[in-house]
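**Student:** okay, predicted coordinates and the sequence, questions at the end:
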Amino acid sequence: MAEILAFAGSNSSTSINFKLVEHTVSLVQDHDIQTLNMAEYDFPMYSEDHEAEHGFPDALVKLKERLEHSDAMVLSVNEHNGNPSAYFKNILDWLSRMDRNFLLNTKFMLMSTSPGRFGGVRSLVVVEGMIPKFGGEVVSTFSLKSFNENFGEAGILDDDMKSQHQKALDTFLNSLNK
């Protein structure tokens, strides 16, 4: 049984990426899952001056401890102007200052969604390239296009996207058993 940490790279209280994360982990059995709502975490913007004067924020230290106790992660990243949000990039900047390999040997199911037809895929591609730099391994990816039309109370509505999501989830879960 793997320890899975699940969260979205968004600090919005109405994050559609967090909704996708919650749906995804609701489909997982036989693993210990911790879900984090990042809207509850506030981090100062990274700067060398802030780090030198104040050290690492307590919330960041606690987040890093959770990361260290996880074998795998389900992460859905939001997109701002074709890139990951400044909030998520800021978290990566802080964590990499604490430990460059803070994701060492961690497997990822990486996802994205947006209200638009591209589903946040540009941000997903950027983060997919970043995770290995910190020691993580992206095992599977999934992008849900046009969230408002393709997601409802029952989860993913479009049959093709639902199938793609399940395949990405199965690939991720199968990698945890190896």
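**Tutor:** All right, it came through fine. Numbering: from 1, shown residues only.
**Student:** could you use CA atoms for every contact and neighbour count after this?
**Tutor:** Noted.
**Student:** which residue lies farthest from the center of this protein?
**Tutor:** E53 (29.5 Å; Cα atoms, centre = their mean).
**Student:** tell me the SS of that residue?
**Tutor:** Assigned with DSSP: H, G, I helix; E, B strand; the rest coil, E53 falls in the helix class.
**Student:** next one: it from V28, what distance?
**Tutor:** Taking Cα to Cα, to the nearest Å as the measure, E53 falls 43 Å from V28.
**Student:** and the helices in the protein?
**Tutor:** 16-26, 48-54, 58-68, 86-98, 121-130, 147-150, 159-176 (DSSP state H).
**Student:** what helices or strands is the helix or strand of the chain with the lowest mean pLDDT leaning on?
**Tutor:** Least confident helix or strand, the chain: helix 58-68 with a mean of 93, by mean pLDDT, DSSP states H and E. The elements that helix 58-68 packs onto, with contact taken as 3 or more Cα pairs under 8 Å, 6 or more residues apart in numbering; DSSP states H and E, are helix 86-98.
**Student:** would you mind measuring from T141 to M73?
**Tutor:** With Cα to Cα as the criterion, T141 and M73 are 12 Å apart.
**Student:** next, name the residue at the spatial heart of the chain.
**Tutor:** L75 (2.0 Å).
**Student:** now do the contacts for the residue farthest from the centre of the chain.
**Tutor:** With contacts defined as Cα atoms under 8 Å, 6 or more residues apart in numbering, E53 has no neighbours.
**Student:** quick check: closest non-adjacent residue to G135.
**Tutor:** Among residues not flanking G135 along the chain, L104 sits closest, at 3.9 Å (Cα to Cα, 6 or more residues apart in numbering).
**Student:** count the neighbours of the one you found for me.
**Tutor:** Using other Cα atoms under 10 Å, L104 is surrounded by 18 other residues.
**Student:** now for it: which residues touch it?
**Tutor:** 134-136.
**Student:** just to revisit the earlier point, so the residue nearest to the centre of the chain is in contact with T113, correct?
**Tutor:** No - using Cα atoms under 8 Å, L75 is not in contact with T113, being 11.1 Å away.
**Student:** now S13: how far from K62?
**Tutor:** S13 is 20 Å from K62, by Cα to Cα.
**Student:** for N174, same thing?
**Tutor:** Distance from N174 to K62, by Cα to Cα: 29 Å.
**Student:** what does V139 give?
**Tutor:** 25 Å.
**Student:** can you check G136 too?
**Tutor:** In terms of Cα to Cα, G136 sits 19 Å off from K62.
**Student:** just E53 next, same as before
**Tutor:** 19 Å.
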